[in-house]
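A.B. asks: any chance you can model this:
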Amino acid sequence: VQLVESGGGLVQPGGSLRLSCAASGFTFSRYIMRWYRQAPGKERELVATISSTGGSTTYADSVKGRFTISRDNAKNTVYLQMISLKPEDTAVYYCNGASWAGDDYWGQGTQVTVSS
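C.D. replies: Numbering: from 1, shown residues only. I've put the predicted structure just below:
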């Protein structure tokens, strides 16, 4: 099982990034997918969730209207489009896949830094 995030980097405030998470080794289309983030000295925070079909999404209040989670089950990939980035969005972003049976998989994380 692998979840591999990509797309992180350094961006100026107000800028945009799109994170990707490529999955392998499990039946991706059956899993709820989530993006979490963890800033230095803070607890890991749930950012966004998408259902297995992609028909339902939820967001943390701090990112509503700025972040969009999506998935392509044909490509076994989940995305996080981020716009209007703020310095407080700086964190390591993690991809997570979870099944109703209790399976829980994590990626290694990708760093997002928002700074001028």
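A.B. asks: got a list of what the most centrally placed residue in the chain touches?
C.D. replies: For the chain, residue 35 is the residue whose C-alpha lies nearest the centre (C-alpha atoms, centre = their mean; 2.9 Å). Contacts for residue 35 were tallied using C-beta atoms under 8 Å, 6 or more residues apart in numbering; they are 19, 21, 46-48, 69, 78, 80, 93-96. Just so you know, the C-beta spots here come from the backbone N, C-alpha and C atoms, and that holds for glycine as well.
A.B. asks: looking at the residues you listed, which is nearest residue 40?
C.D. replies: Closest approach between those and residue 40, by C-beta to C-beta: residue 93, at 13.4 Å.
A.B. asks: how about that closest one, secondary structure?
C.D. replies: Three-state call for residue 93 (DSSP: H, G, I helix; E, B strand; the rest coil): strand.
A.B. asks: before we move on, what's the pLDDT of it?
C.D. replies: We have a pLDDT of 98 for residue 93.
A.B. asks: quickly list what the closest residue to it other than its chain neighbours is bridged to.
C.D. replies: Using C-beta to C-beta, 6 or more residues apart in numbering and skipping residues adjacent in sequence, the residue nearest residue 93 is residue 37, 4.8 Å away. Counting by DSSP bridges, residue 37 is bridged to residue 45, residue 93.
A.B. asks: most neighbours, which of the contacts of residue 35?
C.D. replies: Of all the contacts of residue 35, the highest neighbour tally under other C-beta atoms under 10 Å goes to residue 78, namely 29 neighbours.
A.B. asks: now do stretch 34-54: distance from first to last residue.
C.D. replies: 11 Å (C-alpha to C-alpha, to the nearest Å).
A.B. asks: quick one: mean pLDDT over that stretch.
C.D. replies: 97.
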